[in-house]
Each structure stands twice: as C-alpha cells, then as structure tokens.
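Trainee: Would you be able to build a 3D model of this:
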Amino acid sequence: MKNKKLLQRGSALVEFTLVGIPMIFVLISTFEVSRAMWNYHTLAHAIREGTRYAVVHGSGCASDPLNSCEATIGQVAQRIQDAGIGLDPSQLTLTFTSSGHAIPCNLSNCLGNSTLWPESPQNAPGSVITIRGSLPFQSALAMFWPGASGGGTNFPTFNLTAGSSDIIQF
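Mentor: Predicted coordinates for the structure are as follows:
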C-alpha cells in the first residue's frame, strides 16, 4: 500500500514535468509575443501619425503669407511621441527622409529640433516624404534562441522597425 502511494506521487511528478513545464513555456511565449506585437503596432501607429501630420504642413498649407504652418522636426516628433504611448523616447531612433536627404535622430533629441521639415523645396505639394523608426526590443524568449548569449536578465535584443511614406498634400 505504501509503495503504491509512492508510485502515484512519482508519476504525478513525471506528468507535471512532461506537461507542466512546456505549458509554462507556452504561456510565457504568448505574453512575450503579445508584448512584441503591441510594441510594433504602437510604433507603426506613431510613425504613421507623424507622417500624416507632416503631409498637411507643406509649403502650400498657408494661404496667408503671415501664416506659417510648415512643420518642424520637433513638431513631427511631438506628434510621434503623443501617438506612441508607452514607447521609450530615449530608445526610439527616427529617420526623416525627403527627396533622398535623410535626417536621423533619437526621439528625445528630435523634440527640441526647430529645423523645418521637409525643407524647401522638398516641402512642395506632390513631394514624397518618409519617416522610419527603429525600437530595440528585449524578450525573455530570446534566451532560448540558438546562439543567444548572456545570462540572468541581460537578454539579447532585436529591433522592431516601422516606416511610413506619403505625398505632401498642400
């Protein structure tokens, strides 16, 4: 009788090892993939909002010569920050491109930039502008990837990237 109870306890431990540990991994994986997708979606949304703001603030947006409504890099960056709730501004790298001329900056540094963007004559209606963003993402799942180095909480990172292009409307 005593041996039967020991045998049952041992089989429960084996069953948990065979089923429980993989299920915990699946649960953690679900949370990590969801967190990555939330970060990517927020990044893509924020970049798109910045582009939408810039395309309606070109050289033709002001019909009155006293009204200057052209956008600066700081204003576009502020729109990106406002739309990117939860994104770390010190980690987000932006690249503003108009007619092949690229201006890279970190979101924290972009906020104080008063340079007009896109600059004249690339801010004329019909010109194409592009904003790209890159955000490093650390995932606990990365420690299971082949070749991952580090231990403890120093997990490898990979970059989430998003970009948006549009034509200046006016």
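
Trainee: check contacts around the nearest residue to G86 once chain neighbours are set aside.
Mentor: Counting by C-beta to C-beta, 6 or more residues apart in numbering, G86 lies nearest to T42, which is 6.0 Å off, once chain neighbours are set aside. Glycine gets a C-beta too; all of them are placed from N, C-alpha and C. Shown in contact with T42 (C-beta atoms under 8 Å, 6 or more residues apart in numbering): 84-87.

Trainee: of those residues, buried ones?
Mentor: 84, 87 (16 or more other C-beta atoms under 10 Å).

Trainee: among the contacts of T42, which are in strands?
Mentor: Taking DSSP state E, every one of the contacts of T42 sits outside strands.

Trainee: quick check, nearest of the contacts of T42 to I103?
Mentor: Closest approach between the contacts of T42 and I103, by C-beta to C-beta: G84, at 18.5 Å.

Trainee: Mind checking what secondary structure the residue nearest the centre of the chain has?
Mentor: With distances taken as C-alpha atoms, centre = their mean, L43 lies nearest the centre of the chain, 3.4 Å away. At L43 the chain is in helix, as set by DSSP: H, G, I helix; E, B strand; the rest coil.

Trainee: Apart from its chain neighbours, what residue comes closest to it?
Mentor: L43 sits nearest to A162 (C-beta to C-beta, 6+ apart), 4.7 Å away.

Trainee: what about the one you found, distance to T130?
Mentor: 11 Å (C-beta to C-beta, to the nearest Å).

Trainee: Please name the residues that touch W38.
Mentor: With C-beta under 8 Å, 6+ apart, W38 has these contacts: G86.

Trainee: Am I right that it is in a strand?
Mentor: No: secondary structure of W38 (three-state DSSP): helix, not part of a strand.

Trainee: what residue ranges in the protein score low on pLDDT?
Mentor: 1-9, 62-68, 142-154 (pLDDT under 70).

Trainee: Helices of that one, residue ranges please.
Mentor: For the chain, the helices defined by DSSP state H occupy 2-15, 21-55, 73-83, 107-110.

Trainee: Check which helices and strands the third one sits against.
Mentor: Translated: helix 73-83. Other elements packing on helix 73-83 under the criterion 3 or more C-beta pairs under 8 Å, 6 or more residues apart in numbering; DSSP states H and E are helix 21-55, strand 93-98, strand 101-106, helix 107-110, strand 128-138.

Trainee: Dump the ones you listed to TSV, plus distance to A77.
Mentor: As requested, those are exported to TSV (distance: least, C-beta to C-beta, whole Å):
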stretch	distance to A77
helix 21-55	7
strand 93-98	7
strand 101-106	8
helix 107-110	4
strand 128-138	10
